[in-house]
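J.: Following is a predicted model, sequence given first.
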Amino acid sequence: MTTKIEPIFLAANEFASPTNSSALWDGDKFFGGFGGTNIYSIDYWTLRERSAQLFTENLYARGLIRRLVTNIINTGLGLESTPDEKIIGVPEDSLNDWREDVENRHALWGANPLLCDFNGRQTYGQIQKEIYREALVEGDVLVIVHIDEVTGFPKVQLVSGKLVEDPEDPGNRNIQHGVEIDKKGRHVAYWVTQENGRSKRVPAWGGNSGRRVAWLFYATDKRKDDVRGQPLLSLMLQSLKEIDRYRDAAVRKAIINAIIAMYIRKDADKMGTKPMTGAAVRRGSGTVEDNTGTERTFNLQEQVPGVYFEELQTGEVPVPYSTQGTDVNFGAFEAAVLASIAWANEIPPEILQLGFSHNYSASQAAVNEFKMYLNSERSRVGEGLLQPIWIEELTSNVLLGKVSAPGFLEARNDPRQWDVFGAWVSADWSGAIKPAVDINKMATGFQTMTSEGWTTNERAAREISGTKFRKNIKRLKKENELKAEALAPLVEARRAFGGGDRPMAEALDTLEGAIDALEGK
């Protein structure tokens, strides 16, 4: 006999608070120390539009988002299939060729825009970059997977998050910010505004097939009860706007200081001699219109370098224009603001600003810290975005008979076989490897770790070069065979005639031993 346990949902005001306490702790260290308590109602529309505006016109916002897209997605996260052979019930290492086959098929599918892109324009790597960038700018993006009627394989369509909004007539449905939610709090559909202004309901799951159809991919972490995501720039919108204004003002001030070289000061009430005009070698004028349409004429002069004045009127003194108003401390102020932005986004400041001026240990510490963030974020992208698409792609391969996976389809349709299904679709998602600051030190460290059994050659190959150990070994074997075949005539010549200088003889001895080893002698 089993007992069904119903989930318990509590509202904030249903939590009990102590009544026998003389004081209620609310965070204040002294009365009014914390200040007012704000309860926010998130304005997703304004946050989204302001974020898009900054991405368009603010160099700091554009740089931050591009840094993240380049470091996390780069050319696209790659599939590393990791089926669990024990749970599937097959001999150990029997699926190595299967892994390589599905990975190669996945790469071929992703390299063809006509196969993977609903619009037929981008490769899978480019789609990943667009999804991640749009999610960072708008807070979230709707991902829709279509099964192509001709090929039977999934195609990915992206819908801007701003188009997911409440319909005019929701009926009796529970719809929050364009997301339809059932009684258990699950997303069951999304309402997308079409070009004609009407709303279209996009189900999250296929009614007959049970296959994944659509889901929201979020830019960053969000609170449990939030159905929509906030743009990455939400927390720093005003800071980015103000520092950009400050930078423009500093640049404008520097330009003005560079244009105005000097002026003539009159200390006496005498008729001026216009020494600047007299010393000019070229005269002219220019006419412009101000914002009211009024024409204004300016006299222009070009001076000979090293010009000097003579016969100045009494009381006329040439005075150089002071440049003390230049913001010499702007760089330090900018660095301080960017450091706080880097802190909020878990990015070392030197990586955000691409300023590597510290020693090896400090630079390596920054890279290692950033790697922790990259691993976490790539895992989130892989699980929340790429894994559902990979499951549909593998299902298509099995249904079409291109990949053999005994028991996979049965396990997919039977919730009680969740472990077998999960063992088949298990995968890691790897991205571009950041080059080591000192490759020799890194390689030596991994060599020691692998020899002691603290890590594996597979992990070392991934961390150092972003390659796969199994494929490296196969390629090296082929390369060594080709090298031995090319140099075999030299060895045969030595065996036949002997002699040769000592370095060549030693090299041939080594080569002969290598060839014998390859031939199994």
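T.: Looks like it came in fine.

J.: Might you list the low-confidence residue ranges for the stretch 201-350 of the chain?
T.: 275-283, 298-304, 306-311, 322-326 (pLDDT under 70).

J.: one more time with 80
T.: For the stretch 201-350 of the chain, the stretches with pLDDT under 80 are 255-266, 268-293, 296-316, 319-329.

J.: quick one: the residue nearest in space to the middle of the chain from residue 76, how far?
T.: Closest residue to the average C-alpha location of the chain: residue 69 at 2.4 Å, with CA atoms, centre = their mean. The gap separating residue 69 from residue 76 is 11 Å, by CB to CB, to the nearest Å. No exception for glycine: its C-beta is placed from N, CA and C like everyone else's.

J.: what do these two both touch?
T.: Common neighbours of residue 69 and residue 76, using CB atoms under 8 Å, 6 or more residues apart in numbering, are residue 129.

J.: hmm, who's touching the helix or strand that residue 449 is a member of?
T.: In the assignment (DSSP states H and E), residue 449 maps to helix 439-451. Contact with helix 439-451 is made by 436, 455-457, 460, 463-464, as judged by CB under 8 Å, 6+ apart.

J.: so which pair among those residues is furthest apart in space?
T.: Maximum pairwise distance among the contacts of helix 439-451 (CB to CB): 18.4 Å, between 436 and 456.

J.: Looking at these two, which is more packed in?
T.: Neighbour count, other CB atoms under 10 Å: between residue 436 and residue 456, residue 436 has more, with 16 against 13.

J.: Now find how far off-centre stretch 381-389 is within its chain.
T.: 15 Å (CA atoms, centre = their mean, to the nearest Å).

J.: mind checking the end-to-end distance for that stretch?
T.: Taking CA to CA, to the nearest Å, stretch 381-389 runs 12 Å from one end to the other.

J.: in that stretch, what counts as buried?
T.: 381-382, 385-389 (16 or more other CB atoms under 10 Å).

J.: likewise stretch 29-38?
T.: Per 16+ other CB under 10 Å, stretch 29-38 contains no buried residues.

J.: Same check on stretch 77-96?
T.: Across stretch 77-96, burial judged by 16+ other CB under 10 Å covers 77-81, 83, 88, 90, 95.

J.: Residue 143: which of those residues is nearest?
T.: Among the buried residues of stretch 77-96, and counting by CB to CB, the member closest to residue 143 is residue 77, at 14.6 Å.

J.: could you pull out the strands for the stretch 351-500 of the chain?
T.: For the stretch 351-500 of the chain, the strands defined by DSSP state E, counting those that start in this stretch cover 427-430.

J.: Helices of that one, start to end?
T.: For the stretch 351-500 of the chain, helices defined by DSSP state H, counting those that start in this stretch occupy the ranges 360-381, 387-399, 408-413, 418-425, 439-451, 457-465, 469-497.

J.: so can I have a markdown table of the ones you listed showing mean pLDDT?
T.: Listed next are those as a markdown table, based on pLDDT from 0 to 100:
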| stretch | mean pLDDT |
| --- | --- |
| helix 360-381 | 85 |
| helix 387-399 | 96 |
| helix 408-413 | 93 |
| helix 418-425 | 96 |
| helix 439-451 | 83 |
| helix 457-465 | 78 |
| helix 469-497 | 76 |
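
J.: So which of these is nearest residue 178?
T.: helix 387-399 (19.8 Å).

J.: hmm, back to that, which ones among the buried residues of stretch 77-96 are found in helices?
T.: Within those, residues falling in helices by DSSP state H are residue 88.

J.: Show me the two of the buried residues of stretch 77-96 that sit farthest apart.
T.: Going by CB to CB, the pair spanning the buried residues of stretch 77-96 furthest: 77 and 90, at 27.1 Å.

J.: what about residue 165, distance to residue 294?
T.: Distance of residue 165 to residue 294, given as CB to CB: 46 Å.

J.: neighbour-wise, which of those two wins?
T.: Taking other CB under 10 Å, residue 165 and residue 294 do not tie; residue 165 has more neighbours (18 against 8).

J.: Would you mind confirming that the more buried one makes contact with residue 191?
T.: Yes. Residue 165 lies in contact with residue 191 (CB atoms under 8 Å); the separation is 6.8 Å.

J.: what do these two both touch?
T.: Common neighbours of residue 165 and residue 191, counting by CB under 8 Å, 6+ apart, are 178, 199.

J.: what separates stretch 61-69 from the chain centre, distance-wise?
T.: Relative to its chain's centre, stretch 61-69 lies at 7 Å (CA atoms, centre = their mean).

J.: buried set for it?
T.: By 16+ other CB under 10 Å, the buried positions in stretch 61-69 come out as 61, 64-65, 67-69.

J.: just stretch 178-194 next, same as before
T.: Judged by neighbour count using 16+ other CB under 10 Å, the buried positions of stretch 178-194 are 178-180, 187, 189-193.

J.: Widest-spaced pair of those?
T.: So, the buried residues of stretch 178-194 by CB to CB: farthest apart are 187 and 193, at 17.6 Å.

J.: Just name the closest of the buried residues of stretch 381-389 to residue 432, please.
T.: Distance to residue 432, by CB to CB, is smallest for residue 381 among these, at 13.2 Å.

J.: picking that back up, switch the helices of the stretch 351-500 of the chain over to TSV; also include distance to residue 204.
T.: TSV is the format used below for the helices of the stretch 351-500 of the chain (distance: least, CB to CB, whole Å):
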stretch	distance to residue 204
helix 360-381	19
helix 387-399	11
helix 408-413	17
helix 418-425	19
helix 439-451	43
helix 457-465	34
helix 469-497	37
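
J.: of those helices, which approaches residue 147 most closely?
T.: Comparing these against residue 147 with CB to CB, the closest turns out to be helix 387-399 (7.1 Å).

J.: The closest one - contacts with which helices or strands?
T.: Judged by 3 or more CB pairs under 8 Å, 6 or more residues apart in numbering; DSSP states H and E, the packing partners of helix 387-399 are helix 96-111, strand 140-147, strand 154-160, helix 408-413, helix 418-425, strand 427-430.

J.: Measure how it sits relative to helix 418-425, angle-wise.
T.: 90 degrees (axes from the mean of the first three to the mean of the last three CA atoms, to 10 degrees).

J.: what angle separates helix 387-399 from helix 360-381?
T.: Angle between the axes of helix 387-399 and helix 360-381 is 60 degrees (criterion: the same axes, to 10 degrees).

J.: Now helix 387-399: buried residues?
T.: Residues 387-398 are the ones in helix 387-399 that count as buried (16+ other CB under 10 Å).

J.: out of the residues you listed, who's nearest residue 173?
T.: Nearest to residue 173, judged by CB to CB, of the buried residues of helix 387-399 is residue 388 at 23.8 Å.

J.: give me every residue that touches that closest one.
T.: Shown in contact with residue 388 (CB under 8 Å, 6+ apart): 145, 212, 215.

J.: Repeat the analysis, applying 10 Å as the threshold.
T.: Contact analysis of residue 388 by CB atoms under 10 Å, 6 or more residues apart in numbering lists 143, 145, 154, 211-215, 217, 425.

J.: Over to residue 412?
T.: Applying CB under 10 Å, 6+ apart to residue 412 gives the contacts 210-211, 391, 394-395, 398, 405, 418, 420-421, 424-425.
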